[in-house]
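Peer 1: Structure for this input, please:
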Amino acid sequence: MSFVERFGLWTDAQAAAARALVADLDARGVEVVRFSFPDQHGILRGKTIAAAELPRALADGVAFTTTLFAKDTSHRTVFPVFTRGGGFGLDAMEGGADALMIADPASFRVLPWAPKSGWLLCDPYFANGEPVPFATRALARRALARLAEAGFEYLAGLEVEFHVFRLVDPRLAPGHAGQPGEPPEVSLLTHGYQYLTEQRYDLIDPVCELLREHLAALGLPLRSFEVEFGPSQVELTLGALPGLGSADAMVLLRSAVKQVCRRHGYHATFMCRPRLPNVMSSGWHLHQSLWRVADSANAFVPAGPGAPLSATGLQFLAGLLAHARGGAALATPTINGYKRYRPFSLAPDRIHWGRDNRGAMLRVIGGPGDPATRIENRIGEPAANPYLYFASQIHSGLDGIARALDPGPSADTPYAAEAPLLPQTLGDALAALRADECLRAGLGAGFVDYYCRLKEAELARFHLEVSDWEQREYFDLF
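Peer 2: I've put the predicted structure just below:
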């Protein structure tokens, strides 16, 4: 009996998809398959398997070291993995022991940019059949299960900003290596500042067409490509998908964009605010709604005129506001992302909501009779782990529904409204997350402490570095 069969890890539909995949692999012209899982940062990691090994790999998984869960964004190992319990208090992770990537056969795609290569999205499990507790896709699945118990399904659409630059020098001399290595030297594709002009769009059209062709071949629900305000800045939107669909689409989108661009002499980055002259911040606006399982209708649509949302929608909105400070650590998980929160910049700086107002943290769109009525959360950065971002929204919103919270009035002047400020730094956000009992209960106290320790290790490294600002400020003066 295989590992998957022994622990009942697939549905009947997944088992059927696995059989079809093995049978059709030769016809697809695939010679290798990438097994990938999203790590704690939302970055895909994994191994590439020869096609002949696929049946065994599907049935019994692909082994990888659990030290991958110990790493911060520099790929440094933060936890003492060679001590008792591996630094996690888990015998299964002691000494860098293995876990297994178990593929979701329904996720299979042929990668259009990588010759003869297939791809599978996986979930990590221990040898005893238990899911790895730091696997964020499983945390999002658990949040969705809570939502289903309340009678709802989650629907999310993506609106993502990022930059694409021309690659000038990849900085691959031995002296450029490190943890992390030197970033590449780049040049602009456009000067920017002509938002939505056809002229600027035409300058980036070769890149957009390149991405459109490959992303469409992956089956992603593309809606639009737009030239954003800043130099070399692009916005891409995807249609709404239920459940894990949009989170899975986000990790595949980011990975695909970076790989396709690099193969064609470009550098794509989802970093919020690159340190380049005149470059603007990028955000990730998450459009979300709840749909009732009972009648497959949007639970946010108000019944009568004048109301922005239904009672359920208003309570969900209030829950997002109540847990916005703790949730910021999951929606904006990098030190860099907090440099985006500033007034009069189409980015939020405080915790409130508004009716179709792009200066508010939460923008309510739609109304009576509009089946697309939704809440747009504008707090996120495009580097966020989508599974944690979604899970934080679901747990926060469900708390608002459970306690029948009131979101208060709409903020019509969002940058002048009397409202609590969003965290100003990642450290502030992590402190708020540690103190948020709702998010600790929803994600698990152990996971929250683990996540905060990883991010605090990044902060500690940041505070040890001497910045250009410090050099300019003090070197001549003192």
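
Peer 1: Distance across stretch 216-233, terminal residue to terminal residue?
Peer 2: For stretch 216-233, the first-to-last residue distance is 21 Å (C-alpha to C-alpha, to the nearest Å).

Peer 1: mean confidence score for it?
Peer 2: Averaging pLDDT along stretch 216-233 gives 94.

Peer 1: Tell me where the stretch 251-400 of the chain has strands.
Peer 2: With strands called from DSSP state E, counting those that start in this stretch, the stretch 251-400 of the chain shows them at 266-269, 284-292, 353-355, 362-365, 374-380.

Peer 1: now do the stretch 1-150 of the chain
Peer 2: Residue ranges of the strands in the stretch 1-150 of the chain, as given by DSSP E, counting those that start in this stretch, are 32-38, 44-50, 62-65, 98-103, 109-110, 117-125.

Peer 1: nearest to residue 461, of those?
Peer 2: strand 44-50 (20.8 Å; C-beta to C-beta). Any C-beta I mention is one placed from the backbone N, CA and C, and that applies to glycine too.

Peer 1: quick one, which of the strands of the stretch 1-150 of the chain is nearest to residue 72?
Peer 2: The closest of the strands of the stretch 1-150 of the chain to residue 72 is strand 44-50. By C-beta to C-beta, the value is 13.8 Å.

Peer 1: quick one: that closest one to strand 98-103, angle?
Peer 2: Computed with axes from the mean of the first three to the mean of the last three C-alpha atoms, to 10 degrees, the direction of strand 44-50 lies at 80 degrees from that of strand 98-103.

Peer 1: Give me the sheet partners of strand 44-50 and which way each runs.
Peer 2: strand 32-38 (antiparallel) (DSSP bridges).

Peer 1: got a markdown table for the strands of the stretch 1-150 of the chain, with mean pLDDT too?
Peer 2: Output for those, formatted as a markdown table (pLDDT from 0 to 100):
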| stretch | mean pLDDT |
| --- | --- |
| strand 32-38 | 98 |
| strand 44-50 | 97 |
| strand 62-65 | 96 |
| strand 98-103 | 97 |
| strand 109-110 | 96 |
| strand 117-125 | 98 |
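
Peer 1: Could you provide those in TSV, with additional columns for mean neighbour count?
Peer 2: Below are the strands of the stretch 1-150 of the chain laid out as TSV (neighbours: other C-beta atoms under 10 Å):
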stretch	mean neighbour count
strand 32-38	23
strand 44-50	16
strand 62-65	17
strand 98-103	23
strand 109-110	16
strand 117-125	23
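
Peer 1: would you turn those into TSV with distance to residue 164?
Peer 2: As requested, the strands of the stretch 1-150 of the chain are exported to TSV (distance: least, C-beta to C-beta, whole Å):
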stretch	distance to residue 164
strand 32-38	22
strand 44-50	19
strand 62-65	31
strand 98-103	30
strand 109-110	22
strand 117-125	22
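
Peer 1: on that earlier part again, could you say which of the strands of the stretch 251-400 of the chain is packed most deeply?
Peer 2: Most buried of these by mean neighbour count (mean count of other C-beta atoms under 10 Å) is strand 374-380; its value is a mean of 24.

Peer 1: Averaged pLDDT, that strand. What do you get?
Peer 2: pLDDT averaged over strand 374-380 gives 96.

Peer 1: could I get it in PDB with only the CA atoms?
Peer 2: Provided in PDB are the C-alpha atoms of strand 374-380 (Å, rounded to 0.1, in the frame of the first residue of the first chain):
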ATOM      1  CA  ARG A 374     -17.000  42.800  -2.400                       C
ATOM      2  CA  ILE A 375     -14.500  44.100   0.000                       C
ATOM      3  CA  GLU A 376     -11.100  45.200  -1.400                       C
ATOM      4  CA  ASN A 377      -8.300  45.100   1.100                       C
ATOM      5  CA  ARG A 378      -5.600  47.500   0.000                       C
ATOM      6  CA  ILE A 379      -3.100  46.700   2.800                       C
ATOM      7  CA  GLY A 380      -1.200  43.900   1.200                       C
END
